[in-house]
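1. With the sequence up front, the predicted model follows.
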Amino acid sequence: FLHDVVDRLCGQDLQQSVGDSELSQSCGEAFRYAVGSDVASSDFMETLKAGGCEEKKVLNAFAAVLEGRRKDIRQALVNNASRIFPRYLKDFDWSVKTVVASDMLAEIGEPVLVLSLRLKNASGSENVVTLELNKSSAERLLGACASANKVLRQVTHD
């Protein structure tokens, strides 16, 4: 039963489906939590005990399936996340240039941040997006990144 739950979690089409029972969904959520939070098998068993599961045979079965299928579950979680965010930042490069003049003004002297973002798509292809930001735009970008980082820290520490 537990391997069937993991198979379904991993997106494999089953001839004999475990169904959408509350039990199978709860087991799937438990495996997602354990792998997504990188919980050790012993800690996972303690969490199950705290949730009311006292049967040693059941606890050992959960631990065995978790350890045996951890890589499969992790890959399924990564695949699901990549469907939500099919593109991710692989690398970046930056430089600062000074704009000394333009066709409208004889002298400007304004710094410009040139930010090159190398993005990798789910298909494996890569593309580069280059941004040129003046000082106020760069400050807004840094502020938005700081806010996003704060939210990510709160989410990952809960």
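-> Perfect, I can see it now. Numbering: from 1, shown residues only.
2. what's the burial count for Arg69?
-> By other CB atoms under 10 Å, 21 other residues sit near Arg69. All C-beta spots, glycine's among them, are computed from the backbone N, C-alpha and C.
3. next one: Ile108
-> Neighbours around Ile108, by other CB under 10 Å: 13.
4. which residues does the closest residue in space to Lys97 that isn't next to it in sequence contact?
-> Spatial nearest neighbour of Lys97, chain neighbours left out: Val112 (5.1 Å); criterion: CB to CB, 6 or more residues apart in numbering. Val112 sits next to Val96, Lys97, Thr98, Val99, Glu132, Leu133, Asn134 when contact means CB atoms under 8 Å, 6 or more residues apart in numbering.
5. do the same with Ser24
-> Phe1, Asp4, Val5, Arg8, Val18.
6. Do you know the pLDDT at the most centrally placed residue in the chain?
-> Residue closest to the average C-alpha location in the chain (CA atoms, centre = their mean): Ala81, at 5.7 Å. Looking at Ala81, its pLDDT reads 74.
7. Are we agreed that it is in a strand?
-> No: counting by DSSP: H, G, I helix; E, B strand; the rest coil, one finds Ala81 to be helix, located in no strand.
8. Could you check how far it is from Phe62?
-> 24 Å (CB to CB, to the nearest Å).
9. Let's verify Leu117: helix, strand, or coil?
-> strand.
10. could you pull out the strands for the protein?
-> Along the chain, counting by DSSP state E, strands occupy 87-99, 110-121, 126-133.
11. that older thread, report the buried members of the contacts of Val112.
-> Leu133 (16 or more other CB atoms under 10 Å).
12. Going by distance to Val151, which of the contacts of Val112 wins?
-> Nearest to Val151, judged by CB to CB, of the contacts of Val112 is Leu133 at 22.2 Å.
13. Verify the stated contact: that closest one with Ser116.
-> No: Leu133 is beyond contact range of Ser116, at 11.8 Å (criterion: CB atoms under 8 Å).
14. Touching both of the two, which residues are there?
-> By CB under 8 Å, 6+ apart, no residue touches both Leu133 and Ser116.
15. How about the contacts made by the nearest residue to Leu131 once chain neighbours are set aside?
-> Counting by CB to CB, 6+ apart, Leu131 lies nearest to Leu115, which is 4.6 Å off, once chain neighbours are set aside. Shown in contact with Leu115 (CB under 8 Å, 6+ apart): Phe92, Asp93, Trp94, Thr130, Leu131, Glu132, Leu133, Leu141.
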